[in-house]
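Visitor: 3D model of this:
(chains A and B, ligands or ions: 2)
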Amino acid sequence: MNRLLPPYLLNGPALIIFVVMLVVPMVMTFILSFNSFDFYGGIKPDYGWHNYLEVVQDSYFHEIFLRTYGIAIAVTFLCALIGAPEAYILSRMSKTWRSLCLLAILGPLLISVIVRTLGWALLIGNNGVVNEILIGIGIIETPLKMMFTTGSVIVALVHVLVPFMVLSVWTTLQKLDPQVENAALSLGASHFTTLRRVVLPQVMPGVLAGSLIVFALTASAFATPSILGGRRLKVVATTAYDEYLNTLNWPLGASIAVILLIANVVVVMSYNRYVEKKYAAVFD
Amino acid sequence: MPPFFLKLNLVNQMSFLSLKNISKRFGDFVAVEDFNLEVDKGEFISLLGPSGCGKTTTLNMIAGFEEPTTGAIQIDGRDMTHVSPNARDIGIVFQSYALFPHMTVAENVGFGLEMRKVGKQERRERVMETLELVGLTEFAERVPKALSGGQRQRVALARAIVIRPQLLLLDEPLSALDAKIRESMQVELRNIQRTVGITTILVTHDQAEAMAMSDRIAVMNMGRMARLGEPFEIYEKPGDSFTSNFLGSTNIFDGEVQDELEGQVLVNCSDIGLHIPGSAAKGARVSVAIRPEKVGLVQAGKGIFNAKVRTRIFLGTCWAYQVESDLGSFNVTLQNTGHSVAGEGETVGVTWHDDAVRILAER
Ligand SMILES: Nc1ncnc2c1ncn2[C@@H]1O[C@H](COP(=O)(O)OP(=O)(O)OP(=O)(O)O)[C@@H](O)[C@H]1O
Ligand SMILES: [Mg+2]
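Guide: Residues are numbered from 1 along each chain as shown, chains lettered A, B, ... in the order given. Ligands and ions are numbered 1, 2, ... in the order given. So this is what the prediction gives:
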């Protein structure tokens, strides 16, 4: 028997699923994005760049792309700001407390994204818990508008994505020689200086890797922006969805999806290249 | 060592570092107990002991990374027991080196000076000066990852001494190096320590290293100080069987004191009578020790007693014998003089100088 056969046979089922579920739809979406559409005739099997030109030229889409990447950058930044210290504190805890806190941090990942987002809606809606309490204790008269704002989308996304940052930073912290901190202390550095000059630079690769995950997940996030952002606060993913299901302009939706995919791949790859180049000489 | 009259003078002065009755418990476990040590300024002391005997713990308490459960630590007359590590002015070379991986060699060495707010110009000068001292001038701009183990170790040393600390702590700094480099680093380290004149404490479990480098050695066993003294003194008069065994190999026999003369005792070991300098009560059971290199082999019948050669191993500078006698089996090391010596299976006479034998305290 051919020695190469068994590996192919073993890979076969996964390969078939991969091709059928991912490659075929992707290729079909890609082809679809070049077709054209009109309200009376539906999708026409012709090919051209008109969908892409529409997205690139229309300021309506510019705003949506800018908003999406603005949210992605803000969420990434906040996750780093919250997740990195969180991971550091976690690594300093005693074993029992660490498991408890880890559970609390990973909690959001265990809950369905829809349920979790609806939970946020219950909290921050006009008749939500937060507004009721604030009105109840007399701090405000009329409810604060929190639903359907960029802020609420950002907060909810940070809540889900911060675990990825924590885990990523934590992995790098595990590799840190605890004596290195002692070395800095013994050389006269304060605790804060030690953190800033010695610990932080060493966990930076972890922060950057975590940022990559958070950024990619935010830029393509759908459920949270669609529930908390509503119809008016569109991001790229919800726009593509609307083109498909409301306008029924599938080719345009497909081209938006393709552009989002390409933009994400470009951002992620160049960022990764940059990080690797920067740290390859220093860390193993 | 300072000349004796200076030393006498120092006796009245307070010692530079003093550990007073310190002990450290981790839960129920006693890592260090009742540890006392007085170190003079400029002295080089080794903490020597087997793995897990509390050497690093002791060092960590001096450095301030661990607080002693009881006892006090004084440096230069100031109580330091609860002072935080960044206010102690101590240079430390860690077992793992603990270099800052994201900084160049020059930045690593300059870090302590930066923390002391030394100006850029002076900092640069002192860093280069120190790198020259450890022979790493060409490597100033490299990161630690691009250095060999020995070079990293020297960076760690440079980083610790550039701040001119009042005290230098070395935690098994040479253990990761191979034998050849280790020996040359020992000499180098000792020379640097002499040049700079820093009071130094070296932790090691290598007795040869401790002997080669230290003014005094503190032998530790199970969290306690077993013996403190100058290398020659504790090698020759170890006092107890632990120290004797730990500092080089030792043949130990059990015996009974039969008679006590002036300054000498007659000990009966398996019906062989040995005259040994020292004193002990008549009838007491004692341990008798002799080092392998102090035993001689002569023609059968001409020694103190006869023995049969069981194994003989050639080690280059010497021959290592294991012989069998009424005393049990014991080791003999003979200098290689180029002449042929007794072979395996032969019967030989065993001899030694009476004053080469020691009586050890019972433990
Ligand atoms: N944080 C700790 N908690 C509990 N036990 C500890 C702790 N640190 C050290 N010990 C124990 O204290 C004892 C002494 O440890 P220490 O590190 O001082 O040994 P050592 O003499 O440096 O040994 P080695 O030569 O192997 O480095 C060991 O038995 C160790 O298990
Ligand atoms: Mg140790």
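
Visitor: how far does stretch B:137-151 stretch from start to finish?
Guide: 11 Å (Cα to Cα, to the nearest Å).

Visitor: quick one: contacts of it?
Guide: Outside of stretch B:137-151, the residues within contact range by Cβ atoms under 8 Å, 6 or more residues apart in numbering or on different chains are A:281-284, B:97, B:99-106, B:108, B:127-128, B:131, B:136, B:152, B:155, B:176-177, B:181, B:185. C-beta here means a position set from N, CA and C on the backbone, and glycine is covered the same way.

Visitor: are any of those buried, and which?
Guide: A:282, B:97, B:99-106, B:108, B:127-128, B:131, B:136, B:152, B:155, B:177, B:181, B:185 (16 or more other Cβ atoms under 10 Å in any protein chain shown).

Visitor: mind checking which of those land in strands?
Guide: Assigned to strands by DSSP state E, none of those qualify.

Visitor: counting only helices, which of those residues make the cut?
Guide: B:105-106, B:108, B:127-128, B:131, B:152, B:155, B:181, B:185 (DSSP state H).

Visitor: what's the closest of these to chain A?
Guide: B:N108 (9.3 Å; Cβ to the nearest Cβ).

Visitor: so what pLDDT did the closest one get?
Guide: Looking at B:N108, its pLDDT stands at 96.

Visitor: immediately after the least confident helix or strand in chain B by mean pLDDT, which helix or strand?
Guide: Across the helices and strands of chain B, mean confidence by mean pLDDT, DSSP states H and E is lowest for helix B:4-12: a mean of 47. Moving toward the C-terminus from helix B:4-12, the next helix or strand (DSSP states H and E) is strand B:17-26.

Visitor: give me the mean pLDDT for that next one.
Guide: Computed over strand B:17-26, the average pLDDT equals 94.

Visitor: what's the first helix or strand after it?
Guide: Taking DSSP H and E, what comes next after strand B:17-26 is strand B:29-39.

Visitor: from the middle of its chain, how far away would the following helix or strand past that following strand be?
Guide: Sequence-wise, the next helix or strand downstream of strand B:29-39 (DSSP H and E) is strand B:44-48. Distance of strand B:44-48 from its chain centroid, counting by Cα atoms, centre = their mean, to the nearest Å, is 5 Å.

Visitor: so what secondary structure elements neighbour strand B:44-48?
Guide: Using 3 or more Cβ pairs under 8 Å, 6 or more residues apart in numbering or on different chains; DSSP states H and E, the elements in contact with strand B:44-48 are helix B:55-63, strand B:199-204, helix B:207-213, strand B:216-221.

Visitor: strands paired with it, and their directions?
Guide: strand B:199-204 (parallel), strand B:216-221 (parallel) (DSSP bridges).

Visitor: which residues are contacting the last one?
Guide: Here strand B:216-221 makes contact (Cβ under 8 Å, 6+ apart) with B:37, B:43-50, B:53-55, B:58, B:210-211, B:225-231, B:234, B:242-243, B:246-247.

Visitor: so which helix or strand takes in residue 259?
Guide: Reading this off chain A. Element membership for A:I259, per DSSP H and E: helix A:250-279.

Visitor: chain B was what I was after
Guide: Per DSSP H and E, the secondary structure element for B:D259 is strand B:251-261.

Visitor: who in the stretch 51-200 of chain B is up against ligand 1?
Guide: B:51-57 (Cβ under 6 Å from any ligand atom).

Visitor: which of those has the most neighbours?
Guide: Among these, B:K55 has the most neighbours (other Cβ atoms under 10 Å in any protein chain shown), with 26 neighbours.

Visitor: would you confirm that that residue contacts B:D206?
Guide: No. The pair B:K55 / B:D206 is not scored as a contact, 11.7 Å apart, by Cβ atoms under 8 Å.
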